[in-house]
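Asks: For reference, the sequence and a predicted model appear below.
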Amino acid sequence: MERKQDSSEGTLQAVALLKTTMLKQSTKSGLNLNPAAHKVMVDSRKLRSTGLHSDVSMKDTPTELELTENVCTLAHISVKLSYSYDHLTRVLIKVMDEQPQDVVDVIEDISRDVKRALFEDKQSILRDLPQTTAAELLAEQQRPLFSRPENNEQEDELQQETPLPNVSEIAFYLEQAGVGLGREEMQRIFLALKQLVESQELLCCRLWGKILGTVSSYIVAEAECREGEEEEEPISDEAAEEEERETETQESDENEMDPLPQSTYKPPPVVPKEPIGTGTNKCVYYVCKEPGLPWVKLPSVSPAQIAAARQIRKFFNGKLEAPVNSYPPFPGNEANYLRAQIARISAGTQVSPQGFFQTGEEEGDEEDEAPRDSYEVNSDFEGVPVNEMAESLSTWVHHGHHILPQGRCIWINMAVNSEDLNEEGEAEEKEEPDEPEPEVGPPLLTPLSQDVEMFNTPPWTSKMSSTLTPQHAVAVLRSNLWPGAFAYACGGKKFENIYVGWGLKYAGEGYSPPLPPQPQREYPSDSEITEALDPSLEEEQALKEVLEEQQDVQEELEDTDEEDEDDG
Amino acid sequence: MDSQSLFFSLELVAGSGNTLNVEQRAALQTSLVILQKNYKFQRVLLWGKVLGLKADYFIAQGRGEDEMKDRKNLYSLNCVDWFLLPPATVPLIDQVSSAAKGRFTGDPSHVYEHRDIRRRGDGDEEEEVVTKVNEEIRLAVTVHHIEEEVSVVPRGAFVKSPHGLVQINRSFCGLSYSESGKLDSFLHFSEPKNLKKKSLLETSQLNPAIDFLDVLSDDIPKGSWSLQFECGSKVCVLRSLLWLGLTFYHLPMTPQHGYIYIGDGAKNLDLAFML
């Protein structure tokens, strides 16, 4: 208590000194005491009083740290006050020298002139280094979008059917629907798509949409891949890992000591990816941050990634190489997560007016996805009137293939041994699986009216874009499960899907992450080692009683023996 | 978003994906002027749009003398006819938080019910307490929450006069590019909660006329705001991750700023998992 008093006394003395100097200066310059100074003095008084009377409430007492801070502030202010004292001296000297008429009226101007006279401009030698702002850099990168190459291909472009979609038209209709990225931005995206088509020589390209991220966003384009394009699959890595594990186990077996119990856990077999051009990997996706920046191709998606993406809920960062920290751990980085979400959104929300696409001849197989040919545009399709499209959901069908819980579009029977796969080949698909196949009604082209309602919300909301002029309006469909997914259909054969959003599914009331799994039993019960539960308290007491009884009996026996000996 | 600047500022927030179509914009420009005249507001803002399952609500806000205290919210289903929303009082907030669940339906007279079984006194009597809440009241409370928690203004855009009135700062010339890249330069436009907890050392640097609001960078959890430059890096756009759908824009070196909420009126309670 005493030491505390001493240190506080020291600060109090410092404060008191400052207080007196400030009072002197303040009276000279006629300024009011700064409210900060007032607070410091009040606080110091309180601190002193707590030293003497311990029953002052602690709430009002400032801590030592606060007092020091206040003193620093005060020192800062007192320095300023000394400057003001000097300034006032100079002003008064000037007034006394010049002796103008009606000093009171011009005193502020004189004060300002004195201040200005003091200021010496020393900066005329140095110049500001012009720094390129981010806007300028981006403008430089976006400039090539607008330049036209001068060669003779111009005539060809007009005649052929281009894989480039008419984004301006799409942007117009989307604006009617209330979705869009702004006109200039859409125009830039349009030109960037043109660049993509030319550089990658794509057959068919489409603006898929935009996914927002916390640091930056992604603009996504969907494209049909060229035939013959294959991706290097990292099978070799997995094989190498297995080999390593086998060698390790062999080494440990060779040790002469008792081997540590081996884990009998075998991870479930990895579901193979679907080949490019089918199922979830039907289309190839390119992303870019801003139109004008180079497009990056996203890797194809694996079922494990889709299964993990279904269980986690994470925002996108904006960098493709960023890791995804989540539980259950996501196998891949942000590029894979992005691709998985794109696959899920495409499967769930790509819709078209019924009749626009038709399936080809059915091959009698339920599991087979309709091959590319049968996904054709129906040339006999006459547009459905817009108000019908806006009212009933059965006029729309999914043309995105639904992803099964396995993570693929075509179910694959994982219980079959890998050797059999090679031998049986196609017959494997026709095998009756043991587990029931999870299907969602007829594959492809399911009308939306059959979509399941989740969390008490209907999965789609449809309306007309304008109630005042319904003759020329557009039917708009908005997804409630994937907020941000829109589709519009306009009179005739024009329709389009787009997604602009955060890339997350509607999770109802709240998302709860999956719990970690139960811990596994480690030791297999052998004849040597067995695992058993510890005995409970009652069992131990019962055992103790039994042992005591036995001991008593034994003692009695011994006593009788002794007696017998004594007798004998 | 001020109704005067509606026609160009919608383009600036369109990066979030939602805009209004031309017909709605034209209707708004007409009806908001009439609204201002009828209610004698100083200025009218288009606050945003709350999406419902069957229909969407357009929300407008009228501001009076004091920008912070004289705020009135109105809603409309067709951008032409506006209805006043009741002010959100504490009992209404309690009712809504217990009864309203799920999405907005789009019908202002829809009633949400919640049954609660409570015991009366010490006996075994069970009383069923039914809380009923109108969708209109739910809308009012939602708008109030969003305003409280995520309305944003740049630092220096509003001044507090010595009488306590909060008014637009006519000599606000915009934040610089470097300032608008920092979350410190943006303030919440609601009653400050953290300001009094700051130490004297921090407050001595602040200007009491401008810094009378909470700073965005003091929000918990950190990272609940996404700051980006869009439209060719010209516009500074802030998006809230707590209420998905709130977008704030500011053009650096100009006094133009504004915010709009277009979303389904649901707070993102999973934010902690998502960051």
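Replies: Happy to help now that I have it.
Asks: What number of residues are in the vicinity of B:Ala100?
Replies: Around B:Ala100 there are 24 other residues, counting by other Cβ atoms under 10 Å in any protein chain shown. Where C-beta positions appear, they are placed from N, C-alpha and C, glycine not excepted.
Asks: Please apply the same query to the one 4 residues further on.
Replies: One way to gauge burial is a neighbour count; for B:Phe104, by other Cβ under 10 Å, it gives 23.
Asks: which residue packs closest to it, ignoring adjacent ones?
Replies: B:Gly52 (3.8 Å; Cβ to Cβ, 6 or more residues apart in numbering or on different chains).
Asks: In this structure that neighbour contacts B:Pro108, no?
Replies: No. Between B:Gly52 and B:Pro108 there is no contact under Cβ atoms under 8 Å: 9.5 Å.
Asks: Strands along chain A, start to end?
Replies: Residue ranges of the strands in chain A, as given by DSSP state E, are A:205-211, A:218-224, A:283-288, A:296-297, A:351-353, A:357-358, A:376-377, A:396-398, A:460-464, A:475-479, A:485-490, A:494-501.
Asks: what do you get for chain B?
Replies: B:43-51, B:56-63, B:71-76, B:83-84, B:111-119, B:126-134, B:152-154, B:158-160, B:166-168, B:186-188, B:225-230, B:235-240, B:246-250, B:257-263.
Asks: residue contacts, the closest residue to chain A within chain B?
Replies: Residue nearest to chain A within chain B (Cβ to the nearest Cβ): B:Gly17, separated by 3.0 Å. Residues in contact with B:Gly17 (Cβ atoms under 8 Å, 6 or more residues apart in numbering or on different chains) are A:179-181, A:210, A:212, A:484, A:500-501.
Asks: Out of the residues you listed, who's the most crowded?
Replies: Busiest of those [other Cβ under 10 Å] is A:Leu181, holding 30 neighbours.
Asks: So what does that one have for phi and psi?
Replies: phi -110, psi 10 (degrees, to the nearest 10).
Asks: Tell me which of the strands of chain B is the most buried.
Replies: Neighbour counts (mean count of other Cβ atoms under 10 Å in any protein chain shown) averaged over each of those peak at strand B:246-250, with a mean of 25.
Asks: Could you check how many residues crowd around the residue nearest to A:Gln176 when sequence neighbours are not counted?
Replies: Counting by Cβ to Cβ, 6+ apart, A:Gln176 lies nearest to A:Ser465, which is 4.5 Å off, once chain neighbours are set aside. A count of nearby residues for A:Ser465, using other Cβ under 10 Å, gives 24.
Asks: now A:Ser465: how far from B:Leu77?
Replies: 15 Å (Cβ to Cβ, to the nearest Å).
Asks: Next up, the contacts around the residue of the stretch 401-550 of chain A found nearest chain B.
Replies: Proximity of the stretch 401-550 of chain A to chain B (Cβ to the nearest Cβ) peaks at A:Val500, 3.0 Å away. By Cβ under 8 Å, 6+ apart, A:Val500 lies in contact with A:179-181, A:209-210, A:212, A:484, A:486, B:16-18.
Asks: Next one: it from B:Val237, what distance?
Replies: Taken as Cβ to Cβ, the span from A:Val500 to B:Val237 is 14 Å.
Asks: so what's in contact with those two at the same time?
Replies: With Cβ under 8 Å, 6+ apart, A:Val500 and B:Val237 have common neighbours B:Ser16.
Asks: which residues does the closest residue to B:Phe273 other than its chain neighbours contact?
Replies: Distance criterion Cβ to Cβ, 6+ apart; nearest residue to B:Phe273, sequence neighbours excluded, is A:Arg313 at 5.6 Å. A:Arg313 sits next to A:504, A:507, A:511, A:513, B:270, B:273-274 when contact means Cβ under 8 Å, 6+ apart.
Asks: again, but for A:Ser394
Replies: Contacts of A:Ser394 (Cβ under 8 Å, 6+ apart): A:354, A:447-449.
Asks: Make a PyMOL selection of the buried ones in those.
Replies: Here is the PyMOL command that selects the buried residues among the contacts of A:Ser394 (16 or more other Cβ atoms under 10 Å in any protein chain shown):
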select buried, chain A and resi 354+447+448
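Asks: check the contacts of A:Ser394 against chain B, which are close?
Replies: Within the set of those, contact with chain B (Cβ under 8 Å from any Cβ of the partner chain) is found for no member.
Asks: From the contacts of A:Ser394, which land in helices?
Replies: Within those, no residue falls in helices by DSSP state H.
Asks: Just send the contacts of A:Ser394 back as CSV, with pLDDT too.
Replies: Converted to CSV, the contacts of A:Ser394 look like this (pLDDT from 0 to 100):
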residue, pLDDT
A:Gln354, 80
A:Pro447, 76
A:Leu448, 76
A:Ser449, 75
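Asks: Quick check: pLDDT value at the residue of chain B closest to chain A.
Replies: B:Gly17 is assigned 80 on the pLDDT scale.
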